[in-house]
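Q: What shape does this take:
(one chain, ligands or ions: 1)
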Amino acid sequence: MHVIIIGSGVAGISFAEKCRALTADAEITLITQENDGYYSRPLLSRGFTKDDIEHTIILKTFDKLRDSNITVLSDTTVTSIERANKMLTVCHADQEKTFNYDKLIIATGSKAFIPPPYRPFNELFFCLNSLSDLKTLRRIRASVDKPNWAIIGGGLIGCEVASDLATAGDKVTLFHVMDRLMERQLVPEDSATLKQVLENSGVSVLLNQTISTLSKAQEKISITTDTTQEFDAVIVACGFQPRTELAAQAGLAIGRGIKVNDQLQTEDEAIYALGDVAELPNGKLYAFILPIRNQALWLANHLAGQAPQNWSPPVFQTKAKVHGFEAAHPYQV
Ligand SMILES: Cc1cc2nc3c(=O)[nH]c(=O)nc-3n(C[C@H](O)[C@H](O)[C@H](O)COP(=O)(O)OP(=O)(O)OC[C@H]3O[C@@H](n4cnc5c(N)ncnc54)[C@H](O)[C@@H]3O)c2cc1C
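A: Alright, predicted model coming up:
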């Protein structure tokens, strides 16, 4: 049996390793666009206060996985899935190649969600969604003396990034469209505490902000609301968007993510999806490390005939990694 996994995030890697441990005779191939190894995405938002982060963020090298008899094709993009022939096409260094699978696991994760009003300005801002994004942002920090950043989005990631940049010594302004921070996860009292903690660390927090335009002049980016302010660089952190394009092209059902049943199986019985990209029958996406790892281990057990009938989410909590902030009430997840 040939099992192919697309993606080397926590979903793809946890599944591949568990599958290897349970099924000695399966051929396992993991295909990923990444080149740096398997890294901790949560640590990206602590990427400015830690000098050695570009090395310490790597949890496992791809060679280590290859040593466990998992074929890893890195720096390789899956460009299409042909369900009728159980075949996919990949591209590496401008060369195309095809592979046949018996079981296909789609663990393509998510990209940063860019709200439509900002899309015309996509040359003028950055996101923080991958190690390569972090390396780009760190290069900017290294090239400007005490950079002046704008963060657009006062959700979990926006607050974490603002906090880490300010703690690292940079000037930071956080623009949020709503009247309080992390309004989806925190009660109003905790939002107010979070704002105070960020302001104490030097972040200028601007609420109720509608941005009308971004523009560039002489290496500075201007953001216009009812006033105009200049920054060295802008980061948009407005949530995530599951990477569903491959599945959609292959004719699989898509909602917000790839639709799966309670066994993480798509409508094609040979294809499963898990992680940020999977949408469960209750309409939910479980875009946190703990439930994703739980999905991956469950699915490997299930395919080996060793898991109960359905996957059910474990109890989990999230926590904003904002320096000096503790919520007094449970987060909504
Ligand atoms: C800055 C930040 C901080 C976070 N902090 C936390 C936290 O504190 N706690 C928490 O629980 N969660 C946190 N999260 C969320 C968590 O990191 C994600 O839910 C989780 O990493 C998603 O894992 P995944 O394997 O589903 O997808 P991903 O990690 O997105 O991996 C997807 C993989 O698929 C590959 N891929 C995509 N398309 C293709 C293709 N066509 N061909 C080949 N490869 C492809 C990508 O290169 C990537 O390797 C954070 C996320 C971010 C961005």
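
Q: Would you mind listing what in the stretch 51-200 of the chain touches the ligand?
A: Counting by Cβ under 6 Å from any ligand atom, the stretch 51-200 of the chain comes close to the ligand at Thr77, Val78, Ala107, Thr108, Gly109, Ser110, Leu128, Asn129, Ile157. Every residue, glycine included, has its C-beta placed from N, CA and C.

Q: if you set the cut-off to 8 Å instead, what comes out?
A: 76-79, 90, 107-112, 128-130, 156-157, 160-161 (Cβ under 8 Å from any ligand atom).

Q: Just the buried ones from these?
A: Buried members of these, counted by 16 or more other Cβ atoms under 10 Å: 76, 78, 90, 107-110, 112, 128-130, 156-157, 160-161.

Q: Which ones among the residues you listed map onto strands?
A: Val78, Val90, Ser110, Ala112 (DSSP state E).

Q: what's whatever residue of the stretch 201-333 of the chain ends up closest to the ligand sitting at in phi/psi?
A: Distance from the ligand to each residue of the stretch 201-333 of the chain (Cβ to the nearest ligand atom) is smallest for Gly275, at 2.3 Å. With angles defined as degrees, to the nearest 10, Gly275 sits at phi 90, psi -160.

Q: can you check Leu30 too?
A: Dihedral angles (degrees, to the nearest 10) for Leu30: phi -110, psi 130.

Q: How about it, nearest residue that isn't a chain neighbour?
A: Ile5 (4.6 Å; Cβ to Cβ, 6 or more residues apart in numbering).

Q: Can you give the distance from the helix or strand where the one you found lies to the centre of its chain?
A: In the assignment (DSSP states H and E), Ile5 maps to strand 2-6. The chain centroid and the centroid of strand 2-6 are separated by 21 Å under Cα atoms, centre = their mean, to the nearest Å.

Q: Next, give me the two most distant ones among the ones in strands among the buried ones among the residues of the stretch 51-200 of the chain next to the ligand.
A: Val90 and Ala112 (24.0 Å; Cβ to Cβ).

Q: Determine the number of other residues adjacent to Ala192.
A: By other Cβ atoms under 10 Å, the residues close to Ala192 number 13.

Q: for the one 4 residues further on, same thing?
A: Residues within reach of Gln196, counting by other Cβ under 10 Å, total 13.

Q: Need the three-state assignment for it.
A: Classification of Gln196 by DSSP: H, G, I helix; E, B strand; the rest coil places it in helix.

Q: Could you tell me the phi and psi values at the closest residue in space to Leu73 that isn't next to it in sequence?
A: In space, Leu73 comes closest to Ile31 once its chain neighbours are excluded; the distance is 4.7 Å by Cβ to Cβ, 6+ apart. In terms of degrees, to the nearest 10, the main-chain angles of Ile31 are phi -110, psi 130.

Q: With Ser191 instead?
A: The phi and psi values for Ser191, taken as degrees, to the nearest 10, are phi -60, psi -40.

Q: Count residues in the vicinity of Thr23, would you?
A: Neighbour number of Thr23 under other Cβ under 10 Å is 16.

Q: Find me the pLDDT at it, would you?
A: Per-residue pLDDT puts Thr23 at 93.

Q: Now do the helices in the stretch 1-150 of the chain.
A: Ranges of helices in the stretch 1-150 of the chain, per DSSP state H, counting those that start in this stretch, are 10-22, 53-56, 62-67, 131-143.

Q: Find the closest residue to the ligand in the stretch 51-200 of the chain.
A: For the stretch 51-200 of the chain, Cβ to the nearest ligand atom, closest residue to the ligand: Gly109, 2.0 Å.

Q: Surely that residue is in contact with Ile6?
A: No - using Cβ atoms under 8 Å, Gly109 is not in contact with Ile6; the gap is 9.6 Å.

Q: Setting aside sequence neighbours, what's the nearest residue to Leu88?
A: Per Cβ to Cβ, 6+ apart, closest to Leu88 is Ile81, 4.9 Å.

Q: For Ile152, grab the count of nearby residues.
A: 23.

Q: Quick one: residues contacting it.
A: Tyr118, Phe125, Gly158, Phe175, Ile211, Ile223, Val234, Ile235, Val236, Ala237, Cys238 (Cβ atoms under 8 Å, 6 or more residues apart in numbering).

Q: can you map out the strands along the stretch 101-250 of the chain?
A: Applying DSSP state E, counting those that start in this stretch to the stretch 101-250 of the chain gives strands spanning 103-106, 110-112, 148-152, 171-175, 204-206, 213-217, 220-224, 228-231, 233-236, 240-242.

Q: and the gap between the closest residue to Lys103 other than its chain neighbours and Asp102?
A: Spatially, and ignoring its direct neighbours in sequence, Lys103 is nearest to Val3 (4.8 Å; Cβ to Cβ, 6+ apart). Using Cβ to Cβ, to the nearest Å, one gets 7 Å for the distance from Val3 to Asp102.

Q: Please say which of those two ends up with more neighbours.
A: Remark: of Val3 and Asp102, Val3 carries more neighbours, 23 against 12, as counted by other Cβ under 10 Å.
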